[in-house]
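# The following block contains a protein sequence and its predicted model.
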Amino acid sequence: MTDAAGGRGGFAGWKTAAAAGLLGALVGGGAVAYGSRESVRDYLLENPEVLPEAMDRLRERQAAQVISANRAALETPFAGAWAGAADGDVVLVEFFDYACGYCRKSNSDIERLLREDPRLKVVWREWPVLGPDSEAAARASLAAAQAGRFKPFYDTLFAAGRPTPEALAKARAAVGLSGDLPAEAADGELERNFQLARHLEATGTPTFIVGDRIFQGAVGYEALRDAIRETRAKKA
């Protein structure tokens, strides 16, 4: 972009170009179907309600591009940290933290989706953002995934409430998990997940990815179900 005093109308030109870009996002393409900057400006002034919709569409397109560029990394689980159909036609990815109450709240929605949809695959990605107990739980969870005991460990630890050292020890014992993943392997996986979350501009846990869409927070069963259906329909 040129500086504020430079070519293409300086800052005023930049504002008009930004408005044109938003309107282009709204109408479905990069080019605006109006013959001049003035007509774009006039349209936006007369119809300011289109701006939030245009911004939403622009964010959706940007999110879809980021997901597409990172899809393999997002949808490839760490060892056994997945459930459902191994070759599922739709993959739901969840970034989660064992200390996250909203993640715990969403667990019943995910279980319902898995029960109802035999073609769905769910991939869980460890994203311990809520402190040392979260990180300790994530590292134990990765070890459980490597040992083929992820889901029992996941269910047991979430059922215990917060991942205190005592709760973590009980969950490990309940699934017979005695060892730990080598620090280098655990560090590498956690760093990959943090990088992916940054690319997605995720704001916290849970964060869900379905198809080309990102959902922040405990959005509920219906929103995730509808996104799965839409994703499947696009593939048909």
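Received it, and whenever you're ready, just let me know what you need.
# which residues of the chain score low on pLDDT?
1-37, 51, 54-56, 58 (pLDDT under 70).
# Domain-wise, how is it divided?
As given by automatic domain parsing, the domain ranges for the chain are 10-69, 72-235.
# highest average neighbour count across the ones you listed?
domain 72-235 (a mean of 18; mean count of other Cβ atoms under 10 Å). Bear in mind the C-beta positions are built from the backbone N, C-alpha and C, glycine included.
# How far away from the center of its chain is that one?
Between the centre of domain 72-235 and the centre of its chain there are 11 Å (Cα atoms, centre = their mean, to the nearest Å).
# Stretch 62-75 now?
Distance of stretch 62-75 from the chain centroid (Cα atoms, centre = their mean) equals 9 Å.
# Extract the C-alpha trace of stretch 229-236 and format it as CSV.
Provided in CSV are the C-alpha atoms of stretch 229-236 (Å, rounded to 0.1, in the frame of the first residue of the first chain):
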residue,chain,number,x,y,z
ARG,A,229,-24.5,-31.2,6.5
GLU,A,230,-23.5,-28.2,4.5
THR,A,231,-19.9,-29.5,4.1
ARG,A,232,-21.2,-32.9,3.0
ALA,A,233,-23.7,-31.3,0.5
LYS,A,234,-20.9,-29.3,-1.1
LYS,A,235,-18.9,-32.5,-1.7
ALA,A,236,-21.9,-34.3,-3.3
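# Can you name the residues in contact with that stretch?
Stretch 229-236 has contacts (Cβ atoms under 8 Å, 6 or more residues apart in numbering) with 89, 90, 119, 210, 211, 212, 213.
# Residue 174 contacts residue 155, correct?
No - look at residue 174 against residue 155 with Cβ atoms under 8 Å: they stay out of range, at 9.6 Å.
# need the longest helix for the chain.
Counting by DSSP state H, the longest helix found in the chain is helix 50-75.
# Which secondary structure elements does the next helix or strand after that one sit against?
Going down the chain from helix 50-75, the next helix or strand is strand 82-84, by DSSP states H and E. Applying 3 or more Cβ pairs under 8 Å, 6 or more residues apart in numbering; DSSP states H and E, we find strand 82-84 packed against strand 120-126.
# who does the strand it packs on pair up with?
strand 82-84 (antiparallel), strand 90-96 (parallel) (DSSP bridges).
# Could you list the residues in contact with the first one?
So the one you mean is strand 82-84. 114, 117, 118, 120, 121, 122, 123, 124, 150, 151.
# Tell me the one of those nearest residue 194?
Residue 194 lies nearest to residue 124 out of those, by Cβ to Cβ, at 15.0 Å.
# measure the closest one to residue 92 for me?
10 Å (Cβ to Cβ, to the nearest Å).
# returning to what we had before: and the strands paired with strand 120-126: which comes nearest residue 66?
strand 90-96 (12.8 Å).
# Which strands or helices does whatever helix or strand comes next after the closest one pack on?
Sequence order places helix 101-116 as the next helix or strand after strand 90-96, per DSSP H and E. In this structure, helix 101-116 makes packing contacts with strand 90-96, strand 120-126, helix 150-159, helix 221-235, judged by 3+ Cβ pairs under 8 Å, 6+ apart.
# Kindly reformat these as a markdown table and extend each row with distance to residue 169.
As requested, the helices and strands packed on helix 101-116 are exported to a markdown table (distance: least, Cβ to Cβ, whole Å):
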| stretch | distance to residue 169 |
| --- | --- |
| strand 90-96 | 21 |
| strand 120-126 | 19 |
| helix 150-159 | 10 |
| helix 221-235 | 33 |
